[in-house]
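A.B. asks: My questions concern the predicted model and sequence given below.
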Amino acid sequence: MKKLKFLFVLFISILIVPFSVFAKDNKPVNVYFFYGNGCSYCAAAESYFKSLEKEMGDKFNIVEYETWYDQDNVELMEKVADLRNEEPGGVPYIIIGNQSWDGYASSYNDEIESKINSEYKKSVSDRYDIMNYVEEIYGDLNSSSVTGDIAGIIIIVLVVGGIVFGIWFARKKAA
């Protein structure tokens, strides 16, 4: 009877693990923020995003790229702008979903909040993320998401294998 209870708990746990690993449909929206250290407009935008994090920080994730002192980030900004058929006039250059802002003014705040909310309401698979296209065309920028997916699959395989072994072992003991 104890083995049956153990197997039941194990089975329930296995059913929960995949959902806890992959149930991230409400992932925050990526806000790409290209900026320059010392830029007053960038500092104002950064300050705005910090204040916005207090009220809706669970809905977005700031991904920052400093461009004045990092040539790799300049090249990335150029690739992103090229894919968007844009020519950024400088920084800040802000991208959320399929919309971008060149520069920053407080008059952009309502638009930015609205875009974050509309993207957040979409399922993750329906969101437009420019970095996916940059990776597709120019190569892998960050392999951590692939690594996370592989780790999740390995965990599921190990758990299912453990269940099968547990059932086989329980039947062998009972026989």
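C.D. replies: That came through fine.
A.B. asks: List the buried residues for the helix or strand hosting Glu111?
C.D. replies: With secondary structure defined by DSSP states H and E, Glu111 is part of helix 109-121. Using 16 or more other C-beta atoms under 10 Å as the test for burial, helix 109-121 gives 112-113, 115-116, 119-120. All C-beta spots, glycine's among them, are computed from the backbone N, C-alpha and C.
A.B. asks: and it, what does it pack onto?
C.D. replies: strand 29-35, helix 40-56, strand 93-96, strand 99-102 (3 or more C-beta pairs under 8 Å, 6 or more residues apart in numbering; DSSP states H and E).
A.B. asks: May I see the ones you listed organised as JSON lines, with mean neighbour count, distance to Glu78 and mean pLDDT added?
C.D. replies: Formatted as JSON lines, the helices and strands packed on helix 109-121 follow (neighbours: other C-beta atoms under 10 Å; distance: least, C-beta to C-beta, whole Å; pLDDT from 0 to 100):
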{"stretch": "strand 29-35", "mean neighbour count": "22", "distance to Glu78": "10", "mean pLDDT": "97"}
{"stretch": "helix 40-56", "mean neighbour count": "15", "distance to Glu78": "17", "mean pLDDT": "96"}
{"stretch": "strand 93-96", "mean neighbour count": "25", "distance to Glu78": "10", "mean pLDDT": "97"}
{"stretch": "strand 99-102", "mean neighbour count": "16", "distance to Glu78": "13", "mean pLDDT": "96"}
